[in-house]
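K.L.:
fold the following for me, if possible:
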Amino acid sequence: MAQFKTIVDEYGIIYSALHNLPTTQLKLDFLEALAELEDNECHRTISFPKTRLHKVVGVRQAIYRADVSKTSGWRIHVQYIDGKLHLKDLVPGANHDDVQRVIKSKKGRYT
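P.N.:
Just a heads-up that it's a prediction; the model follows:
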């Protein structure tokens with residue numbers, strides 16, 4: 001039986017994504033990205049072909065970024081806390097390049 005990683009959405013990121021993502025395709029891509037992040041096999045093998053999950057460089061905290069879709073620029077910021085995956089932010093395509101500014105603007109969310 002498949003193992004799943006627990007996803008915690010304390011800031012309403014899923015709700016925000018379903019209301020703020022501009023197209024139906026991006027909304028479906030977001031749900032596919034969540035499914036990949038939830039899949040424990042991807043975490044065990046450290047293989048994330050859809051989301052390309054990777055650690056953010058240049059910040060002290062262990063913050064990770066995942067693509068909603070590779071070409072759109074939309075990103076999901078997550079952190080691992082007590083073995084669970086916490087959704088921290090949904091970053092629009094226009095803002096994804098300045099990741100440190102985005103994190104500093106919402107520093108209360110990141111532990």
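
K.L.:
next, C42: phi, psi?
P.N.:
As for C42, its main-chain torsions (degrees, to the nearest 10) stand at phi -60, psi -40.

K.L.:
for it, give its distance to V57.
P.N.:
21 Å (C-beta to C-beta, to the nearest Å). Where C-beta positions appear, they are placed from N, C-alpha and C, glycine not excepted.

K.L.:
more crowded one of the two?
P.N.:
Shown here are C42 and V57; by other C-beta atoms under 10 Å, C42 has more neighbours (18 against 9).

K.L.:
what about that one, distance to A33?
P.N.:
Look at C42 and A33: by C-beta to C-beta, they are 11 Å apart.

K.L.:
again, but for K50
P.N.:
6 Å.

K.L.:
shared neighbours, those two?
P.N.:
D67 (C-beta atoms under 8 Å, 6 or more residues apart in numbering).

K.L.:
more crowded one of the two?
P.N.:
In this view K50 and A33 are compared by other C-beta under 10 Å, and A33 has more residues nearby, 23 against 17.

K.L.:
who's in contact with the more buried one?
P.N.:
Residues near A33 by C-beta under 8 Å, 6+ apart: K50, T51, A66, D67, V68, S69, I76.

K.L.:
spatially nearest residue to the second one (excluding sequence neighbours)?
P.N.:
Looking back up the chat, that one is T51. In this structure, T51 finds its nearest non-sequential neighbour in A66, 3.7 Å apart by C-beta to C-beta, 6 or more residues apart in numbering.

K.L.:
residues contacting R65?
P.N.:
L53, H54, K55, V56, R75, I76, H77, V78, V91, V99.

K.L.:
and with 7 Å instead?
P.N.:
Taking C-beta atoms under 7 Å, 6 or more residues apart in numbering, we find R65 in contact with H54, V56, R75, H77, V99.

K.L.:
now for the first one: which residues touch it?
P.N.:
With C-beta under 7 Å, 6+ apart as the criterion, the residues that contact H54 are Y64, R65.
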